[in-house]
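Enquirer: give me a model of this one.
(one chain, ligands or ions: 1)
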Amino acid sequence: MAAPLRIGIAGLGNVGSSVFQLLAEHGELLFDRTGRDIRVTAVSARNKLKNRSIDISKVKWHDNPVDVANDPEVDVVIELIGGATGPAFDLVKKALDLGKPVVTANKALLASRGAEVLDLLKKSKGTVSYEAAVAGGIPVIKGLREGLAANRIRAVYGILNGTCNFILSEMSHTGRGFAEVLKEAQEKGYAEADPSFDIDGIDAAHKLSILSGLAFGCVPDVKNIEIKGIRSITPLDITFAGDLGFRIKLLGIARQTAKGIEQSVEPCLVPNDSPIAAVEGALNAVYVDGDYVGKVLLMGYGAGGNPTASAVVSDVVDVARGRALPLMGLTPDKVTALKPANIHDRIGSYYFRLMVLDQPGVIADISAILRDHKVSLESVLQRGRDPHQAVPVILTTHETTEESIRRVAGEIGKLKSVTEPPYLMRIEEFNG
Ligand SMILES: NC(=O)c1ccc[n+]([C@@H]2O[C@H](COP(=O)([O-])OP(=O)(O)OC[C@H]3O[C@@H](n4cnc5c(N)ncnc54)[C@H](OP(=O)(O)O)[C@@H]3O)[C@@H](O)[C@H]2O)c1
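Expert: Below is the predicted model:
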């Protein structure tokens with residue numbers, strides 16, 4: 001019989017506790033699936049005395065998480081502390097220096113220090129597995145790296161943040177404003193006390209950079225992602241988008257183009273009848289578009305202790321079976337720096353929300369600016385008439401470049417009759 005696989009877990013928060021619980025509860029099942037007894041031998045967290053939902057009295061406690069890697073009775077290190085700096089990185093480094101496999105859910109670390117992790121791997125017999133770092137319980141890393149390994153990937157995109165999707169879904173169903181729904185999300189535990197990481201698109205950008213690295217065989221590059229969050233979306237946008245046949249979703253999109261890789265995280269209009277429009281609440285969904293397979297959609301819970309633990313333990317199962325998979329899907333010496341495309345060259349159709357004084361000639365002035373930049377209009381919607389107040393006008397355009405649309409927005413914003421800066425969103429139909 002194969003030797004037991006001894007696990008050390010650093011970080012016993014939401015995910016760490018669920019991993020501990022899952023390994024205990026499914027011990028027999030995991031034995032049947034791997035032929036090995038997978039047992040936790042050591043743990044670490046900040047506070048040994050903290051009241052936890054799990055019984056850690058029978059495993060060794062380390063005050064310093066790096067000692068989990070040093071422990072001779074630990075074969076696999078599970079890093080569930082989080083963060084790109086501090087003990088998480090030190091622990092991963094120590095484990096790799098010692099040639100031990102690492103399993104992590106730490107998107108921040110891979111997104112911002114992927115190059116260092118790749119360098120460590122070149123000198124190590126260890127591995128780094130990170131199924132849980134992107135889209136929690138959805139097996140998107142294995143899907144891309146293994147299931148779709150035969151394809152050249154054209155694009156990978158989707159809903160990568162459950163908090164934003166919950167907020168946008170609630171706004172859409174109830175007509176309530178962003179601030180009110182955010183408060184409810186915080187009360188229900190879907191959003192953090194400081195929600196900026198989620199609602200400003202940073203969390204989704206971390207995940208997108210990892211997906212992009214894997215899809216295109218390059219080092220995750222979060223710096224070259226165009227990021228816009230969901231704070232500025234109003235109930236008006238939701239209503240107008242609906243009237244035009246769209247839903248608003250925060251999408252992470254990475255596309256291979258002739259000029260390089262385009263990466264963005266931003267709210268987009270997607271057609272009402274598209275599968276991605278139907279992804280509601282805290283769910284995540286990821287599309288992968290491969291040259292032989294076409295489009296593949298994976299959907300499920302992208303966060304939460306149990307879904308994330310499911311992903312973490314799937315990586316442990318790989319280690320138990322003796323599978324070692326390359327970090328970015330290519331042999332390490334083939335992984336290159338990402339070549340970013342200039343986002344201003346992006347082609348697309350756009351939605352504009354304008355607040356304008358209801359005066360004669362306003363639409364003519366706006367049309368003149370669009371004409372001067374060779375941007376053609378698809379539709380104009382105006383609701384309400386009030387000569388003394390600004391009223392919303394919604395424009396949608398045919399395809400144009402991002403550069404033109406930004407210039408148009410800048411010039412429209414300078415018109416005296418336009419009372420606030422235009423708000424712009426891309427319309428993503430994913431036909432290509
Ligand atoms: N939560 C999710 O749904 C989810 C989904 C996907 C990925 N992830 C990733 O999973 C990782 C863990 O997330 P989480 O939600 O479980 O976080 P969490 O609930 O905040 O837990 C963090 C754990 O790390 C420990 N810790 C923090 N700083 C430490 C330090 N300096 N030294 C030792 N231990 C330290 C904490 O100890 P104490 O318990 O003693 O305070 C706690 O047990 C993160 O990388 C996160 O991005 C989370």
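
Enquirer: so where is this structure shaky, pLDDT-wise?
Expert: 431-432 (pLDDT under 70).

Enquirer: measure the one residue sitting closest to the centre of it to residue 277 for me?
Expert: Central residue of the chain (C-alpha atoms, centre = their mean): residue 204, 3.0 Å from the mean position. Note on residue 204: its distance to residue 277, by C-beta to C-beta, to the nearest Å, is 17 Å. Quick note: C-beta positions are derived from backbone N, CA and C, even for glycine.

Enquirer: and if you look at residue 240?
Expert: Distance from residue 240 to residue 277, by C-beta to C-beta: 15 Å.

Enquirer: same deal with residue 38?
Expert: 40 Å.

Enquirer: in what helix or strand does the closest residue to the ligand within the stretch 301-432 of the chain lie?
Expert: Closest approach between the stretch 301-432 of the chain and the ligand, counting by C-beta to the nearest ligand atom: residue 303, at 3.4 Å. Using DSSP states H and E, residue 303 falls within no helix or strand.

Enquirer: picking that back up, of residue 240 and residue 277, which one has the most company?
Expert: Neighbours per residue (other C-beta atoms under 10 Å) separate residue 240 from residue 277, with residue 240 holding more: 21 against 17.

Enquirer: spatially nearest residue to that one (excluding sequence neighbours)?
Expert: residue 394 (4.5 Å; C-beta to C-beta, 6 or more residues apart in numbering).

Enquirer: likewise residue 409?
Expert: Once chain neighbours are set aside, the closest to residue 409 by C-beta to C-beta, 6+ apart is residue 422, at 4.6 Å.

Enquirer: next, count neighbours for the one you found.
Expert: Residue 422 has 22 nearby residues by other C-beta under 10 Å.

Enquirer: give me phi/psi at it?
Expert: Per-residue torsions, residue 422: phi -60, psi 140 (degrees, to the nearest 10).

Enquirer: in this structure it contacts residue 412, no?
Expert: Yes - between residue 422 and residue 412 there is a contact at 5.3 Å, judged by C-beta atoms under 8 Å.

Enquirer: mutual contacts of those two, please.
Expert: 352, 354 (C-beta atoms under 8 Å, 6 or more residues apart in numbering).

Enquirer: are we agreed that residue 295 is in a strand?
Expert: Yes - under DSSP: H, G, I helix; E, B strand; the rest coil, residue 295 sits within a strand.

Enquirer: can you list the residues of this structure near the ligand?
Expert: For the chain, the contact set with the ligand under C-beta under 6 Å from any ligand atom comprises 11-16, 44-47, 50, 65, 80-82, 86-87, 105-107, 132, 136, 303-304, 308.

Enquirer: number of nearby residues for the residue nearest to residue 240?
Expert: Residue 394, neighbours per other C-beta under 10 Å, totals 21.

Enquirer: ok, residue 35 next?
Expert: With other C-beta under 10 Å as criterion, residue 35 counts 11.

Enquirer: could you count how many residues lie near the closest residue to it other than its chain neighbours?
Expert: Leaving aside its sequence neighbours, residue 35 sits nearest to residue 2 (C-beta to C-beta, 6+ apart; 5.4 Å). Neighbour count for residue 2, taken as other C-beta under 10 Å: 12.
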